[in-house]
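In: Any chance you could fold what I've pasted below:
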Amino acid sequence: MTRVRRLCLLGALLLLLLPSAASARKNLLLIAIDTLRADHLGCYGHDRATSPSIDILATDGLRFETAIATAPWTLPSFAGIFTGRHGIRHGAGLFGETRDLSSQRPRPISTAVPTLAESLRAAGYHSGAVTSNPYLLFGIQRGFTSFVCKSMGADRVGALSRAWLTQQDGDEPFFLFVHFNDPHEPTNSANVFLRELGHGPELLGDPRRGALERWGEGEHYLGHVDDEAALAGALELKKALYDAAILHVDHEVAGIVRALERRGLRDDTLIVILSDHGEEFLDHAAVERERGEDPRQIWGIGHGHSLYQELLRVPLILSGPGVQARVIDEAFSLVDLMPTLLSYLEVPLPPGMDGVDRLAWIADPRRSSPPILADSIAYGPALWSYFDGDFKLIGDDAGRARELFRWRGDRAERDNLLPQDWVEAMKARVLALRDTLAADAPLPETAGELSPEALEGLRALGYVK
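Out: Next up is the predicted model:
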């Protein structure tokens, strides 16, 4: 890189993302919306008005068109976000050749691995969290001054988050982690949000509605697909409930942003909107049924069972001081989020992260998509996926290449391009990477223990029997 190019790139960094050197240290508000597919937000092209407040943040900020989660279910994905490490090296999740989260107890984040909250606390940040999924008690809570984790809806999450913000006086920087679980099963959406999306009495009074807050029952059960056309009505109702849950969260996001503004903190706060994984609505039900690998014997619904884009592609939006409005089309891994955020906040990066600080990459107009790894299946055989250039390869721990997609042009992943002679070289790269990660993995923790209340919360979410 020439000296002129280095100077231009440095100038772009200062304009695009870095806070002013003369300004006070910035706050961080990380809002996570569990189980949220990117393509169900307006700013990502959805045809329902599910996200007007989030869309404003996206329009005014930095939106990643193809942000990729490191895992297709909550615990290992959030562990990747909060450690900047892949599942093999943060230790959280299920392990072994075949997994079944409904009957196996996962491991927490290794105590030897530093977290985002711990890094910010060491830098003088006051930190709090308002969360609603018990799997966030498997190591995510480390480093927070206060950590609330209860089974609660968006109204309560929003109220507690706003109350926490009213206690901030601006004398010290803060980190607030807000986690909404409403798009996750059970999607018990209120009528007001269904009406706001244009649904009338026919849908509001549909006798299938209660069952489809889960995944239906009897002939309307979406997990046993014989004829997708026969289930089309039930599927559309399920999607309507899902979209209404997203809209409910969007209302609460707007309230949190207003609370920031009332406290005079908005101009000093970086807001990050993201999800840990998406949700499948029969997108690949036929393929999954044919393989028959899910130990629960259900196909095409929920998450944790595959590495297709409906589960890995998630929203990622940054809005705040120094962030220019733009869209990044190239793929971005959530394993890179922690080092990028710490660099933006001018906080030292802990050693041992797999993720990379992407500030310079974001500012570079000639950027290309980096290789990206995702794995940590919850149901069925251990799978991995690997993004390399324009291609995404899915394979298994037996060393087999299963599917190859051109992720830019085939977002629905319908056209399996295998076999290709050159795939062996691509597979060799990902297997070598996984071997390298495994060689430097911390000692595994024992399976996590949960209180009776937390176990009941996981049952309510459909995770455990």
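In: that's a strand at Ser385, yeah?
Out: Yes - checked against DSSP: H, G, I helix; E, B strand; the rest coil, Ser385 lies within a strand.
In: And it, how far from Ser275?
Out: To Ser275, Ser385 is 17 Å away according to CB to CB, to the nearest Å. Heads up, the C-betas are built off the backbone N, CA and C, glycines and all.
In: Equivalent analysis for Leu62, please.
Out: Going from Leu62 to Ser275 by CB to CB gives 16 Å.
In: Which residue of these two possesses the greater neighbour count?
Out: The neighbour comparison of Leu62 against Ser275 (other CB atoms under 10 Å) goes to Ser275, with 26 against 21.
In: which residues touch the more buried one?
Out: Going by CB atoms under 8 Å, 6 or more residues apart in numbering, Ser275 touches Ala32, Ile33, Asp34, Thr35, Leu36, Arg37, Ala38, Ala69, Val314, Pro315.
In: any idea which of these is closest to Phe78?
Out: The nearest member of these to Phe78, counting by CB to CB, is Ala32 at 7.4 Å.
In: Which of the helices or strands spans the closest residue to that closest one other than its chain neighbours?
Out: Leaving aside its chain neighbours, Ala32 sits nearest to His179 (4.7 Å; criterion: CB to CB, 6 or more residues apart in numbering). According to DSSP states H and E, His179 maps onto strand 174-180.
In: returning to that earlier point: I'd say the residue nearest to Ala32 and Thr74 touch.
Out: No - His179 lies out of contact with Thr74 (CB atoms under 8 Å); the separation is 9.5 Å.
In: neighbour count winner among these two?
Out: Comparing His179 with Thr74 by other CB under 10 Å, the one with more neighbours is Thr74, at 31 against 23.
In: Could you check the pLDDT of Pro207?
Out: pLDDT for Pro207: 92.
In: Oops, could you answer that again for Leu458 instead?
Out: We have a pLDDT of 69 for Leu458.
In: Offset the numbering so it begins at 885, please.
Out: Got it, the first residue is 885 from now on, which makes the last one we talked about Leu1342.
In: and Gly1023, what does it touch?
Out: By CB under 8 Å, 6+ apart, Gly1023 lies in contact with Ala963, Phe966, Ala976, Pro992, Ile993, Ser994, Thr995, Val997, Thr999.
In: give me that answer again for 10 Å
Out: Contacts for Gly1023 (CB atoms under 10 Å, 6 or more residues apart in numbering) come out as 959, 962-963, 966-967, 974-976, 991-995, 997, 999, 1329, 1332.
In: quick one on the thing from earlier: if I look at His1063 and Thr958, which residues touch both of them?
Out: Both His1063 and Thr958 are in contact with Ala916, Asp918, Asn1017, Leu1020, Ile1024, Asp1160, where contact means CB under 10 Å, 6+ apart.
In: Out of those residues, name the two that are farthest from one another.
Out: Across the shared contacts of His1063 and Thr958 (CB to CB), the longest gap, 12.4 Å, separates Asp918 and Ile1024.
In: what touches both of these two?
Out: Common neighbours of Asp918 and Ile1024, counting by CB under 10 Å, 6+ apart, are Thr958, Phe962, Thr1015, Asn1017, His1063.
In: Who is the third one paired with across the strands?
Out: Each beta-bridge partner of Thr1015 is listed here: Cys1033, as defined by DSSP bridges.
In: Spatially central residue in this structure, please.
Out: The structure's the chain has its C-alpha centroid closest to Asp1160; by CA atoms, centre = their mean the separation is 1.8 Å.
In: May I have stretch 1001-1017 as PDB, with CA atoms only?
Out: What follows is stretch 1001-1017, C-alpha atoms only, in PDB (Å, rounded to 0.1, in the frame of the first residue of the first chain):
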ATOM      1  CA  ALA A1001     -18.400  -6.800  29.100                       C
ATOM      2  CA  GLU A1002     -15.200  -7.700  31.000                       C
ATOM      3  CA  SER A1003     -13.000  -5.700  28.500                       C
ATOM      4  CA  LEU A1004     -15.300  -2.700  28.800                       C
ATOM      5  CA  ARG A1005     -15.400  -2.900  32.600                       C
ATOM      6  CA  ALA A1006     -11.600  -3.000  32.800                       C
ATOM      7  CA  ALA A1007     -11.600   0.200  30.700                       C
ATOM      8  CA  GLY A1008     -13.900   2.000  33.100                       C
ATOM      9  CA  TYR A1009     -17.300   1.400  31.600                       C
ATOM     10  CA  HIS A1010     -20.400   1.000  33.800                       C
ATOM     11  CA  SER A1011     -22.400  -1.900  32.300                       C
ATOM     12  CA  GLY A1012     -25.900  -3.300  32.600                       C
ATOM     13  CA  ALA A1013     -27.900  -5.900  30.800                       C
ATOM     14  CA  VAL A1014     -31.700  -6.600  30.400                       C
ATOM     15  CA  THR A1015     -32.200 -10.000  28.800                       C
ATOM     16  CA  SER A1016     -34.900 -12.600  28.400                       C
ATOM     17  CA  ASN A1017     -33.300 -15.900  27.400                       C
END
